[in-house]
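Undergrad: sequence unknown, structure follows:
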């Protein structure tokens with residue numbers, strides 16, 4: 001019997017997940033709540049309305065897939081599980097790896113998982129004194145969820161003090177910044193390593209690399225991500241095994257030892273320094289925009305693996321297969337993001353996109369048959385190519401077809417990868 005699937009979220013990640021799941025022969029209808037201008041079968045329920053989402057899933061016999069972090073942190077998986085509704089994602093306890101950076105850092109410290117040296121503060125004066133005592137640069141992080149923007153990378157103690165004031169005094173991230181982490185800045189090569197877990201077994205997804213800063217050459221403030229590509233030559237097979245063993249497997253086992261079963265996507269943002277991986281952050285869900293190129297390269301039925309994750313049977317699943325091509329996702333944003341930006345501008349050019357590319361929608365809405373901008377990160381133009389270089393060319397060729405007045409994107413997505421080939 002065919003099942004229905006409910007994908008929760010409204011970003012490019014959720015469009016990519018919905019697109020991939022809709023290819024499964026075992027699925028009848030994929031609903032997306034609340035979805036965006038590009039997703040089909042949208043359900044107008046917000047991601048934090050857990051009761052309405054549960055009611056919908058129950059009435060429509062849905063297997064549920066959670067995209068973003070907010071419902072995970074609110075305990076949607078616990079709620080659905082209590083109602084005997086099948087749902088893919090980590091419990092509220094397990095999602096603390098992302099919902100509290102302080103919890104995650106302390107977890108890593110007590111379990112010997114490599115991460116940067118850090119201290120925790122809620123008093124701006126004490127944080128400032130600490131920064132002034134250091135002979136190295138730091139990163140200042142808000143404890144709670146801040147849509148990928150709560151991390152400020154500092155080049156001097158003056159910048160660090162400004163960051164401390166911004167978060168603790170001016171409340172730039174609201175209550176998410178009631179406490180902060182001040183940690184050693186580790187410079188190296190950053191990559192994203194994502195695994196699908198069932199609490200015991202962790203199956204690695206294809207490697208990828210995100211581009212966090214708003215401007216070319218990694219300049220400007222952090223964003224939710226301006227583009228990504230897969231696979232990345234930064235993580236070769238030997239290094240992937242090191243990350244899998246030292247970080248992913250150790251995290252899953254340590255969580256289990258502490259009485260927490262981690263099911264879902266475990267995302268380790270890693271910095272590679274002197275051939276050693278350090279965890280910059282954990283996410284308890286698939287990355288966005290990493291999801292888009294990973295889904296484009298995926299050559300297996302994702303639904304089967306989601307079911308195995310929930311049922312605890314991943315060890316019996318075959319190794320995932322990936323297309324032997326590169327995929328590149330370029331995020332098209334509205335000018336002014338991640339600060340203020342215009343909404344409601346008409347976007348055109350979708351009918352001109354070549355066959356080797358897909359436009360995943362994020363901050364869009366459909367109105368009177370038109371697609372309008374409805375967010376900071378608006379679209380994720382994603383293309384395949386036989387090489388990374390050709391995938392980059394194909395993605396930017398597709399980007400050129402899309403137009404709206406405030407359109408903005410980085411022009412160097414994937415360039416880091418080329419320098420390693």
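TA: Here it is on my side, so go on. The shown structure was predicted, so the numbers you read here are calculated from the model rather than taken from an experiment. Numbers count the residues shown, from 1 in each chain.
Undergrad: Span of stretch 225-245 from start to end?
TA: The straight-line separation of the ends of stretch 225-245 (Cα to Cα, to the nearest Å) is 27 Å.
Undergrad: What residues of it count as buried?
TA: Within stretch 225-245, the residues scored as buried using 16 or more other Cβ atoms under 10 Å are 225-235, 239-240, 242-244. Using the backbone N, CA and C atoms, a C-beta is placed for each residue, glycine as well.
Undergrad: try stretch 256-269
TA: Going through stretch 256-269 with 16+ other Cβ under 10 Å, the ones that come out buried are 260-269.
Undergrad: Tell me who's in contact with residue 246.
TA: Going by Cβ atoms under 8 Å, 6 or more residues apart in numbering, residue 246 touches 113-114, 277.
Undergrad: mind listing the helices in the protein by residue range?
TA: Secondary structure of the chain by DSSP state H: the helices cover 12-21, 50-59, 69-73, 76-82, 96-99, 101-111, 124-132, 157-164, 237-243, 250-257, 291-297, 302-311, 388-399, 415-418.
Undergrad: hey, which of those helices is tucked in deepest?
TA: Of all those, helix 291-297 has the most neighbours on average by mean count of other Cβ atoms under 10 Å, namely a mean of 29.
Undergrad: What is it packed up against?
TA: When contacts are defined as 3 or more Cβ pairs under 8 Å, 6 or more residues apart in numbering; DSSP states H and E, helix 291-297 packs onto helix 12-21, strand 227-230, strand 326-334, strand 377-385.
Undergrad: Let's have these in JSON lines, adding distance to residue 76 and mean pLDDT.
TA: JSON lines is the format used below for the helices and strands packed on helix 291-297 (distance: least, Cβ to Cβ, whole Å; pLDDT from 0 to 100):
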{"stretch": "helix 12-21", "distance to residue 76": "14", "mean pLDDT": "98"}
{"stretch": "strand 227-230", "distance to residue 76": "26", "mean pLDDT": "97"}
{"stretch": "strand 326-334", "distance to residue 76": "26", "mean pLDDT": "98"}
{"stretch": "strand 377-385", "distance to residue 76": "23", "mean pLDDT": "98"}
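Undergrad: so which of the ones you listed comes closest to residue 405?
TA: Between residue 405 and those, the tightest spacing by Cβ to Cβ is seen for strand 326-334, at 9.2 Å.
Undergrad: Partner strands of that closest one and their direction?
TA: Using DSSP bridges, the strands paired with strand 326-334 are strand 227-230 (antiparallel), strand 377-385 (antiparallel), strand 407-408 (antiparallel).
Undergrad: Buried deepest among the ones you listed, which one?
TA: When you average the neighbours per residue for each of the strands paired with strand 326-334 (mean count of other Cβ under 10 Å), strand 227-230 leads with a mean of 30.
Undergrad: I'd like the distance from that one to the chain centre, please.
TA: 12 Å (Cα atoms, centre = their mean, to the nearest Å).
Undergrad: before we move on, what about stretch 365-379?
TA: On the basis of Cα atoms, centre = their mean, stretch 365-379 sits 21 Å off its chain's mean C-alpha point.
Undergrad: gap between the two ends of it?
TA: Between the start and the finish of stretch 365-379 there is a gap of 11 Å, counting by Cα to Cα.
Undergrad: Please point out which parts of it sit buried.
TA: Under 16+ other Cβ under 10 Å, the buried positions of stretch 365-379 are 365-366, 371-379.
Undergrad: for those residues, which one is nearest residue 281?
TA: For the buried residues of stretch 365-379, with residue 281 as the reference and Cβ to Cβ as the criterion, the closest is residue 377, at 18.5 Å.
Undergrad: residues in contact with the closest one?
TA: Neighbour list for residue 377: 11-12, 223-226, 289, 331-333, 337, 362-363 [criterion: Cβ under 8 Å, 6+ apart].
Undergrad: same thing but 7 Å
TA: 224, 331, 333, 337, 362-363 (Cβ atoms under 7 Å, 6 or more residues apart in numbering).
Undergrad: Let me see the contact set for residue 418.
TA: Taking Cβ under 7 Å, 6+ apart as the contact definition, residue 418 lies against 388-389.
Undergrad: got a list of contacts for stretch 357-372?
TA: In this structure, residues lying in contact with stretch 357-372 by Cβ under 7 Å, 6+ apart are 11-12, 15-16, 36-39, 292, 296, 344-347, 350, 353, 373-383, 394-395, 398, 402.
Undergrad: What is the end-to-end distance of that stretch?
TA: Using Cα to Cα, the end-to-end distance of stretch 357-372 comes out at 20 Å.
Undergrad: Figure out how far it is from the centre of its chain.
TA: Relative to the centre of its chain, stretch 357-372 is centred 20 Å away, using Cα atoms, centre = their mean.
Undergrad: Quick one: mean pLDDT over it.
TA: Averaging pLDDT along stretch 357-372 yields 97.
Undergrad: next one: stretch 140-155
TA: Summarised as a single mean, pLDDT over stretch 140-155 is 90.
Undergrad: what does stretch 206-219 give?
TA: Across stretch 206-219, pLDDT averages out at 95.
Undergrad: Give me the buried stretch members for it, please.
TA: With the criterion 16+ other Cβ under 10 Å, stretch 206-219 contains buried residues 206-214, 218.
Undergrad: Count the residues that sit near the spatially closest residue to residue 27 that is not a sequence neighbour.
TA: In space, not counting the residues next to it along the chain, residue 27 is nearest to residue 5; the distance is 5.4 Å by Cβ to Cβ, 6 or more residues apart in numbering. Other residues near residue 5 number 27, with proximity taken as other Cβ atoms under 10 Å.
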